[in-house]
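J.: Following is a predicted model, sequence given first.
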Amino acid sequence: MIVVLNNESDKEKVAVLKGKLKALGFEIHESKGIDAMLWGLVGDTSIIDVDYLMANEVVKDVKRVQEPYKAANRKMHPEDSIIEINGRKIGGGYFQVIAGPCSIETEEQITKVAMDVKNSGAHLLRGGAFKPRTSPYAFQGLQNDGLKLLLKAKEATKLPVVTEIMTPEHIELFDDVDVIQIGARNMQNFQLLKAAGKTNKTVLLKRGLANTLEELLMSAEYIMAGGNENVILCERGIRTFETSTRNTLDISAIPMLRKMTHLPIIVDPSHAAGIRWMVEPLSMAAIAAGADGLMIEVHNDPESALCDGPQSMTPEGFDVLMEKIRKTVEFFGKNME
């Protein structure tokens, strides 16, 4: 339920109404605009009568929200959310590129790639330490040791780092990680979502292999319901009947999510296609569709990569791509600072 209040309303009367609603068990999400203030009521709104609210002189309008996601709903929060990560903003007109290897392999590798992507203009570093793989025989990542190497690269470059978490028990290991990634295979790991909701870390939530947009937003709702509203959504391709690419990038998800939610939306063109040469056109398409950022895999020696070499760009290729990204982002009126 959305309650619209006049900005000029008596503050004491507004406080009294807020107290009554909280006493009924509602959580209140506030959003202040130029002409009015919005309250998003989260809870069992069936117990409250719309006429009761409208009778209060500070209330301008009341609207019921039919969608099951509330905190993530644009109706609750009409303006785009802007999330700040170590001084770098994403969403609301701010665009960021996250880049780095799929898997951390050695200190030399992650540090070199980190330096390269920073010099090319990426503002956040990605690197996998814990790797969920389809095959139990595939490389599973360096795990704790990989996390330590990622933090060394962070120290060397001063780039904020993004890495994937697999289980709630690992939360404490991520104390020095700037952005916790919840991958496609864990999008509906509800215990992990709840644990992420209790942190103050930015969470990058990837869409599942065959999940709807509403299911993605309900997963975001789990995190936000725990008190953590710093959520970034990621479209990374979905499973379809097409076999010429690793996945199918759902480009329509970007404008649709823009209508459904206020949360920032980024695209992972590397996993979407699984093919190096396709990363550039998919990146351009994502920017044109309104994405707030890109997550791109870069490896100093893709042919020898322990994971996802065919979709990883070389540092030289990434440098060329970044120049095109900068020009395209500027054309569409967004800020990469």
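T.: Received, thanks.

J.: list the contacts for Asn186?
T.: Pro132, Ile165, Met166, Leu192 (Cβ atoms under 8 Å, 6 or more residues apart in numbering). All C-beta spots, glycine's among them, are computed from the backbone N, C-alpha and C.

J.: ok, of those residues, which come out buried?
T.: Among those, those buried by neighbour count (16 or more other Cβ atoms under 10 Å) are Ile165, Met166, Leu192.

J.: Pick out whichever of these sits closest to Asp176.
T.: Ile165 (13.1 Å; Cβ to Cβ).

J.: which secondary structure element contains Val62?
T.: Counting by DSSP states H and E, the element that carries Val62 is strand 59-63.

J.: what about Gly333, distance to Val320?
T.: Separation of Gly333 from Val320 (Cβ to Cβ, to the nearest Å) stands at 23 Å.

J.: Redo the contacts of Asn186 as TSV? Include secondary structure.
T.: Rendered in TSV, the data for these read as follows (DSSP: H, G, I helix; E, B strand; the rest coil):
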residue	secondary structure
Pro132	coil
Ile165	coil
Met166	coil
Leu192	helix
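
J.: And those residues, which is the shakiest by pLDDT?
T.: The member of these with the lowest pLDDT is Pro132, at 85.

J.: Helices of the stretch 51-200 of the chain, start to end?
T.: Counting by DSSP state H, counting those that start in this stretch, the stretch 51-200 of the chain has helices at residues 107-120, 144-157, 190-197.

J.: Nearest residue to Ala187 in space, please, no chain neighbours.
T.: Just so we're on the same page, residue 187 is Met rather than Ala. Excluding its sequence neighbours, the residue lying closest to Met187 (Cβ to Cβ, 6 or more residues apart in numbering) is Gly208, at 3.9 Å.

J.: correct me, but that neighbour touches Asn189?
T.: No - the criterion here is Cβ atoms under 8 Å, and Gly208 misses it with Asn189 at 10.1 Å.

J.: His123: neighbour count?
T.: Other residues lying near His123 total 22 when counted by other Cβ atoms under 10 Å.

J.: try Gln188
T.: Residues lying near Gln188 (other Cβ under 10 Å) number 16.

J.: Would you check that it makes contact with Leu209?
T.: No - using Cβ under 8 Å, Gln188 is not in contact with Leu209; the gap is 10.8 Å.

J.: Report the beta-bridge partner residues of Met37.
T.: Counting by DSSP bridges, Met37 forms beta bridges with Leu5, Lys32.

J.: just to revisit the earlier point, compare the helices of the stretch 51-200 of the chain and give me the one nearest Phe174.
T.: Among the helices of the stretch 51-200 of the chain, helix 144-157 comes nearest to Phe174, with 7.7 Å by Cβ to Cβ.

J.: Just say helix, strand or coil for the residue nearest to Met187.
T.: The three-state label given to Gly208 by three-state DSSP is coil.

J.: how about the strands in the stretch 201-337 of the chain?
T.: With DSSP state E, counting those that start in this stretch as the criterion, the stretch 201-337 of the chain has strands at 202-206, 231-235, 265-267, 293-297.

J.: Show me what the third one is packed up against.
T.: So that's strand 265-267. strand 231-235, helix 253-260, helix 279-289, strand 293-297 (3 or more Cβ pairs under 8 Å, 6 or more residues apart in numbering; DSSP states H and E).

J.: TSV for those, including mean pLDDT?
T.: TSV is the format used below for these (pLDDT from 0 to 100):
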stretch	mean pLDDT
strand 231-235	98
helix 253-260	98
helix 279-289	98
strand 293-297	98
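
J.: mind checking which of the ones you listed is nearest Thr45?
T.: Of the helices and strands packed on strand 265-267, the one closest to Thr45 (Cβ to Cβ) turns out to be helix 253-260, at 19.3 Å.

J.: For the closest one, which helices and strands make contact with it?
T.: Counting by 3+ Cβ pairs under 8 Å, 6+ apart, helix 253-260 packs on helix 213-225, strand 231-235, strand 265-267, helix 279-289.

J.: quick one: least confident helix or strand in this structure?
T.: In the chain, no helix or strand scores lower on mean pLDDT, DSSP states H and E than strand 27-32, which sits at a mean of 86.

J.: Please read off the pLDDT at Lys131 from the model.
T.: According to the prediction, Lys131 has pLDDT 88.

J.: Would you mind pulling the contact partners of stretch 79-88?
T.: Stretch 79-88 is contacted from outside by 31, 33, 89-94, 96, 123-124, 160, 178-179, 202, 229-232, 262-264, using Cβ under 8 Å, 6+ apart.

J.: 7 Å instead, please
T.: By Cβ atoms under 7 Å, 6 or more residues apart in numbering, the residues outside stretch 79-88 that reach it are 31, 89-92, 94, 96, 123-124, 160, 178-179, 202, 230, 232, 262-264.

J.: Any buried residues in that stretch, and which?
T.: Residues of stretch 79-88 classed as buried by neighbour count (16+ other Cβ under 10 Å): Asp80, Ser81, Ile83, Ile85, Arg88.

J.: and the last one, how far is that from Asp116?
T.: Per Cβ to Cβ, Arg88 is found 18 Å from Asp116.

J.: what do you get for the first one?
T.: Asp80 sits 31 Å away from Asp116, taking Cβ to Cβ as the criterion.
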